[in-house]
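*Asks:* turn this into a structure:
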Amino acid sequence: VQLQASGGGLVQPGGSLRLSCAASGSIFSIDFMGWSRQAPGKQRELVAAITTGGSTNYVDSVKGRFTISRDNAKNTVYLQMNNLKPEDTAVYYCNAIVRLDNSPYYTNYWGQGTLVTVSS
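*Replies:* Model prediction:
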């Protein structure tokens, strides 16, 4: 299974970006999908998560600004980020809890990360 993240870049404070992460491979189903971030010198933190049924959770610092969504038919998760702040600068990673074909087990897979820089 591969998770390909895209959409990062440089944006001014107050701007917006949309991250995408597509999972591919011998996938039977995907349970949880999420976005985490890691800023320089800090630990990775879970920013947003979404279940198969669409239930979402966000870290307090992004509530009201970020929106996570998913397209189950495309095995893709999105993160719409609005009103970005300099403190949102980080490498953003997607992850997915995946059940492979011919397996009863779920495994956590991570994408490669995409850099988001918020600066004027």
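*Asks:* all contacts plus neighbour counts: C-alpha atoms, from now on.
*Replies:* Noted.
*Asks:* with adjacent residues omitted, what lies nearest to residue 65?
*Replies:* Spatial nearest neighbour of residue 65, chain neighbours left out: residue 82 (5.1 Å); criterion: C-alpha to C-alpha, 6 or more residues apart in numbering.
*Asks:* look up phi and psi at the one you found.
*Replies:* Residue 82 has phi and psi values of phi -120, psi 160 when expressed as degrees, to the nearest 10.
*Asks:* roughly how far does it sit from residue 31?
*Replies:* 26 Å (C-alpha to C-alpha, to the nearest Å).
*Asks:* please name the bridge partners of residue 3.
*Replies:* Per DSSP bridges, the residues bridged to residue 3 are residue 23.
*Asks:* in this structure, which spans are strands?
*Replies:* 2-6, 9-11, 17-24, 27-38, 45-50, 56-58, 66-71, 76-81, 90-100, 106-110, 114-118 (DSSP state E).
*Asks:* for the chain, which residue occupies the most central location?
*Replies:* residue 35 (2.7 Å; C-alpha atoms, centre = their mean).
*Asks:* any idea how far the closest residue in space to it that isn't next to it in sequence is from residue 34?
*Replies:* Once flanking residues are discounted, residue 35 sits nearest to residue 94: 4.4 Å by C-alpha to C-alpha, 6+ apart. In this view, residue 94 and residue 34 are 6 Å apart by C-alpha to C-alpha.
*Asks:* and the residue of the chain most remote from its centre, how far from residue 85?
*Replies:* Here the chain reaches farthest from its C-alpha mean at residue 102, the gap being 26.4 Å by C-alpha atoms, centre = their mean. Using C-alpha to C-alpha, one gets 44 Å for the distance from residue 102 to residue 85.
*Asks:* same question, residue 40
*Replies:* 15 Å.
*Asks:* neighbour count for the two, which is higher?
*Replies:* A count of neighbours by other C-alpha atoms under 10 Å puts residue 85 above the other of residue 40 and residue 85, at 19 against 9.
*Asks:* if I pick that one, what's in contact with it?
*Replies:* Contact analysis of residue 85 by C-alpha atoms under 8 Å, 6 or more residues apart in numbering lists 13-14, 118.
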